[in-house]
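Participant: Curious how this folds, go ahead:
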Amino acid sequence: MKHNPIIASITEESQIDQAVACGVKRVNLMTGNINNLEQIVKPLRHAGKQVFVHVEMVGGIGRDAAAIQYLAEAFRIDGIITTKSNAIATARAHGLASIQRVFAIDTAAVETALRMIKNCNPDEVELMPGLMPRIIRDMKQRIKQPLIVGGLIREKQEISSALDSGADYVSIGDAALWQWKRETSE
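Facilitator: So this is what the prediction gives:
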């Protein structure tokens with residue numbers, strides 16, 4: 001089976017059914033709260049999706065070790081997304097994959113992010129925003145983890161540009177782009 005580089009970033013609960021029905025294998029959950037998380041995760045898991053929960057964006061989830069342990073045990077998610085380096089080690093201790101989300105707002109932020117990545121060693125890195133081909137190429141050359149890019153991507157050609165620049169995955173919140181497929185010249 002072909003590698004699908006699209007990750008469905010679910011930013012509204014109304015997108016759950018679309019994510020279940022579409023061909024993506026992975027979803028980044030950035031909506032909901034601790035009270036309805038089971039109703040959100042269950043259909044996604046039943047549809048065979050890998051579910052990553054953004055611990056800073058899903059309501060009612062703390063950023064401490066107990067919260068990450070609870071996510072692992074109660075919901076059997078595949079991993080977490082976080083901007084917090086300390087959450088990476090906790091996720092690893094509980095058998096969860098981790099995505100370190102970093103923001104490239106200037107050179108100093110990129111250098112700080114690279115130091116954090118080296119120190120906490122997440123499974124994957126998500127670079128925001130995803131519309132910077134030169135920064136994508138540079139980051140990909142300087143890290144060993146798979147690189148996800150996301151944020152502000154609105155057009156099919158932006159997906160292609162990100163992948164052509166070295167991104168392994170593109171995280172997209174627009175459900176209309178979740179079915180994107182690379183056009184080939186064959």
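
Participant: what is the mean pLDDT for stretch 106-114?
Facilitator: For stretch 106-114, the mean pLDDT works out to 96.

Participant: Quick check: buried residues in that stretch?
Facilitator: Residues of stretch 106-114 classed as buried: 110, 113-114 (neighbour count, 16 or more other Cβ atoms under 10 Å). No exception for glycine: its C-beta is placed from N, CA and C like everyone else's.

Participant: got it, and stretch 161-177?
Facilitator: 161-163, 165, 167-173, 175, 177.

Participant: helices or strands up against the biggest helix by length in the chain?
Facilitator: With DSSP state H setting the assignment, residue counts place helix 107-120 as the longest helix in the chain. Here helix 107-120 touches helix 85-93, strand 97-103, helix 133-142, going by 3 or more Cβ pairs under 8 Å, 6 or more residues apart in numbering; DSSP states H and E.

Participant: Any chance of JSON lines for those, columns distance to residue 32?
Facilitator: Output for those, formatted as JSON lines (distance: least, Cβ to Cβ, whole Å):
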{"stretch": "helix 85-93", "distance to residue 32": "18"}
{"stretch": "strand 97-103", "distance to residue 32": "18"}
{"stretch": "helix 133-142", "distance to residue 32": "29"}
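
Participant: so which of the ones you listed is the most packed in?
Facilitator: The highest mean neighbour count among the helices and strands packed on helix 107-120, using mean count of other Cβ atoms under 10 Å, belongs to strand 97-103: a mean of 21.

Participant: ok, residues contacting that strand?
Facilitator: Here strand 97-103 makes contact (Cβ atoms under 8 Å, 6 or more residues apart in numbering) with 28, 52, 54, 78-83, 85, 87-88, 91-92, 109-110, 113, 116-117, 120, 122-129, 148.
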